[in-house]
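**Student:** below are the sequence and a predicted model for it; my questions follow.
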Amino acid sequence: MQFETLPGFREFYPEACARRNHIFSQWRKVARAFNFSEYDAPVLEPLELYIEKSGEEIVGQLFNFEDRGGRAVAMRPEMTPSLARLVGAKANGLKRPIKWFNIGEHYRYERPQKGRLRAFYQYNVDIFGEAGPGADAELIALLVQALQAFGLAVADFKVRLSDRDLWLLMLAAEGLDSDASAAVLGIVDKLERMDREKAVEKLCPIVGDEADAFLSRIEAVIAIRDFDTLSAHMRSLASEGDIADQIVARLQEWQELLKRLNAAGAGEFIQIDLGIVRGLAYYTGFVFEAFEASGAGRALAGGGRYDALVKKLGGPEMPAVGFAMGDVTLADLLDSKGLTANYVQSPDFIAIIGGAEARDAAMADSAVIRSMGYTVEYPLKDQSFGKQFKEANNKGARFALIYGSDEIEKGVFKLRDFASGAEKEFPRDALAEVIPELIASGLES
RNA sequence: GUGGCUAUAGCUCAGUUGGUUAGAGCAUCGGCUUGUGGUGCCGAGGGUCGCGGGUUCGAAUCCCGUUAGCCACCCCA
């Protein structure tokens, strides 16, 4: 019986695994650089947790089943609900702002395609307990740095920045109530992939005959790429009254956000783009998505404010902002940019063994070197010198430790530096002193 | 869930109008006397031609179905 991997699931042979771990280590390094703490949560959760957050429709996209205790459970499709529960449960005892991150596998029952599998890793980074734009700025700066850590630069990616608050104010100024506004945002989210005629058709029941002109105004807003234009546009919508005041206040938060992003060195990656609103309705303020610079492909990462979610899932009132980045799209991008390093792992030393007595010496010395934290390997069966050297080269070893009958007799080992070709004998007694020097500076020819 | 393309060795691919025992390169393993390097030379293993059915004297090749992969749509937390 031959078994195959389930559709959308991956196996990680050593090279792929090394590459995956490289991605993880960069993610972890950047999160730690911003002093975020790593947490983890169960892979299997009550189905209800996801229904509560996303609605009944979500079930069709989950790996869910009934466990032996009759509980309806699901493999986690995302981290946010679990995280909201963790934070909610301890909210009163946690020092704020709460800055946490996680790297974990997630599962979605969807048709696999480019940049999307059924099991994938996500980097989740969140800040809780800080309502001001400082938290948004910190998070976006972290996102930018996380992508830069892989060698991606301004020419490679951008972060499209938008704001649901500003949209709601704009739509309120148009005279729409909150339901109508939500419906319009749902359409804005799909505008990029929708025919103009179809969009007008969809807007008709909401804004009436005026739909075409209304859409034109929306398109004008989406085309805005700089803050001054955005600011002027927003101010022109309402000159006085409640909405005007809110617009002014919100624009100040925008200024603060942009100022901080510039100060953090992330400014050049930011592209104002109100076309981003992010589908599901729980986002409440600034929202953003990272894309390949040309805008092609799926989003590399996405996030934003979700000030109401912790409470919705049973916790206290808790402002929150976070983003998630997937490993699949990221790895695809790194491949296409030629930034996928060769992650083959090579040993520092390979022992070349000339006989039974030599093997004992080589193994004893290897034990010492290994305890110092360096990598040593030797052939597990006796082989000719020629073959052993060839092998050492294939494996990319930096040094050969040569143990032949001559060396054993003299109580030495011969060291060969493959880069320089230089060879030198060292007394075996001096092994522990010699090794760190060799690692540091090699052997001169 | 819908549609398009694809499927031959571990990988990349040949394989004639349907015709004998399905090939190559790379990779793997072994050898080229147990003292020196990614080359070189010799050799070996490895295939139910995705799977199932059909047409035919005969199918990797033609037809139908199915599964998987890729791509697009739907969706994208």
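**Tutor:** Structure's in. What do you need?

**Student:** tell me the spacing between the residue of chain A found nearest RNA strand B and A:Y374.
**Tutor:** RNA strand B sits closest to A:G404 of chain A, with a gap of 2.0 Å, by CB to the nearest atom of the strand. Every residue, glycine included, has its C-beta placed from N, CA and C. Separation of A:G404 from A:Y374 (CB to CB, to the nearest Å): 22 Å.

**Student:** more crowded one of the two?
**Tutor:** Ranked by neighbour count (other CB atoms under 10 Å), A:G404 and A:Y374 place A:Y374 first, with 18 against 15.

**Student:** find the nearest non-adjacent residue to that one, please.
**Tutor:** On the basis of CB to CB, 6 or more residues apart in numbering, the spatially nearest residue to A:Y374 that is not a chain neighbour turns out to be A:D348, at 4.5 Å.

**Student:** which ones are touching the one you found?
**Tutor:** Each residue near A:D348 by CB atoms under 8 Å, 6 or more residues apart in numbering is listed here: A:I369, A:Y374, A:T375, A:V376, A:A397, A:R398, A:F399, A:I439.

**Student:** residue ranges with poor pLDDT in chain A?
**Tutor:** Applying pLDDT under 70 to chain A flags the ranges A:1-2, A:280, A:342.

**Student:** domain ranges for it, per the record?
**Tutor:** If you go by automatic domain parsing, the domain ranges for chain A are A:14-336, A:349-441.

**Student:** next up, identify which helix or strand A:C17 is on.
**Tutor:** helix A:14-33 (DSSP states H and E).

**Student:** dump stretch A:394-402 to PDB, restricted to CA.
**Tutor:** Provided in PDB are the C-alpha atoms of stretch A:394-402 (Å, rounded to 0.1, in the frame of the first residue of the first chain):
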ATOM      1  CA  ASN A 394      30.900  16.700  -1.400                       C
ATOM      2  CA  LYS A 395      29.600  17.400   2.100                       C
ATOM      3  CA  GLY A 396      31.200  20.800   2.100                       C
ATOM      4  CA  ALA A 397      33.400  20.200   5.100                       C
ATOM      5  CA  ARG A 398      35.700  23.100   6.000                       C
ATOM      6  CA  PHE A 399      38.500  21.000   7.500                       C
ATOM      7  CA  ALA A 400      39.600  17.400   7.300                       C
ATOM      8  CA  LEU A 401      41.000  15.800  10.500                       C
ATOM      9  CA  ILE A 402      43.400  13.100   9.200                       C
END
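
**Student:** wait, A:A149 touches A:R28, no?
**Tutor:** No - A:A149 is not in contact with A:R28 according to CB atoms under 8 Å; the separation is 10.2 Å.

**Student:** buried residues, the longest helix seen in chain A. List them.
**Tutor:** What stands out as the longest helix in chain A, according to DSSP state H, is helix A:242-263. By neighbour count with 16 or more other CB atoms under 10 Å, helix A:242-263 contains the buried residues A:I243, A:A244, A:Q246, A:I247, A:R250, A:L251, A:E253, A:W254, A:L257, A:L258, A:R260, A:L261.

**Student:** could you check whether stretch A:354-371 is close to RNA strand B?
**Tutor:** Yes - using CB under 7 Å from any atom of the strand, stretch A:354-371 reaches RNA strand B at A:G354, A:G355.

**Student:** how far does that stretch sit from the chain's center?
**Tutor:** From the chain centre to the centre of stretch A:354-371 is a distance of 43 Å (CA atoms, centre = their mean, to the nearest Å).

**Student:** next, count neighbours for the residue lying closest to A:F12 once chain neighbours are set aside.
**Tutor:** Distances taken as CB to CB, 6+ apart place A:R20 nearest to A:F12, at 5.8 Å, with adjacent residues excluded. Neighbour count for A:R20, taken as other CB under 10 Å: 16.

**Student:** A:R20 contacts A:Y121, correct?
**Tutor:** Yes - between A:R20 and A:Y121 there is a contact under CB under 8 Å: 7.3 Å.

**Student:** between these two, which contacts overlap?
**Tutor:** Contacts common to A:R20 and A:Y121, judged by CB under 8 Å, 6+ apart, are A:D327.
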